[in-house]
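**Student:** quick check, what structure comes out for this input:
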Amino acid sequence: MKIQKFDSVWDAISSTPEEAENMKVRSQLVMALNGLIGKRGLDTRQAAALLGVSQPRVSELASGKIQLFSVDKLINMLAHAGMQIGTIEISEAVVA
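**Tutor:** Have a look, this model is predicted:
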């Protein structure tokens, strides 16, 4: 049996390379949003108001249910909170 190695968990569990890249971006955005909520010590009501979403959506975010959020929605939530996305690094994939 050949052991496969992956650069990320998303590469290992995603059906396609496209899905893996999408999940990588979403996970970074979710971590940024959860980090903001934690840094400010917000409860779900306060976080919902800050992000422009309902309290159940904040709970889904906090639970790491990233499959329920599109990249667009996560970016909109960041913008609603007054945050901006900085530098995005894009590189060619290395094919083994």
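**Student:** and the end-to-end length of stretch 49-64?
**Tutor:** The first and last residues of stretch 49-64 sit 19 Å apart, counting by Cα to Cα, to the nearest Å.
**Student:** what's next to it, contact-wise?
**Tutor:** Residues outside stretch 49-64 that contact it (Cβ atoms under 8 Å, 6 or more residues apart in numbering): 30, 33-34, 36-37, 40, 42, 44-45, 47-48, 68-69, 76-77, 80-81. (Glycine included, C-beta is placed from N, CA and C.)
**Student:** host element of Met31?
**Tutor:** Using DSSP states H and E, Met31 sits in helix 17-40.
**Student:** how about that helix: buried residues?
**Tutor:** Of all the residues in helix 17-40, those buried under the rule 16 or more other Cβ atoms under 10 Å are 20-24, 26-27, 29-30, 32-34, 36-37.
**Student:** just put those residues in a markdown table and tack on distance to Arg57 and pLDDT.
**Tutor:** Converted to a markdown table, the buried residues of helix 17-40 look like this (distance: Cβ to Cβ, whole Å; pLDDT from 0 to 100):
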| residue | distance to Arg57 | pLDDT |
| --- | --- | --- |
| Ala20 | 24 | 84 |
| Glu21 | 24 | 86 |
| Asn22 | 19 | 89 |
| Met23 | 19 | 89 |
| Lys24 | 21 | 88 |
| Arg26 | 14 | 92 |
| Ser27 | 17 | 91 |
| Leu29 | 14 | 94 |
| Val30 | 12 | 96 |
| Ala32 | 16 | 95 |
| Leu33 | 11 | 96 |
| Asn34 | 13 | 96 |
| Leu36 | 15 | 96 |
| Ile37 | 12 | 97 |
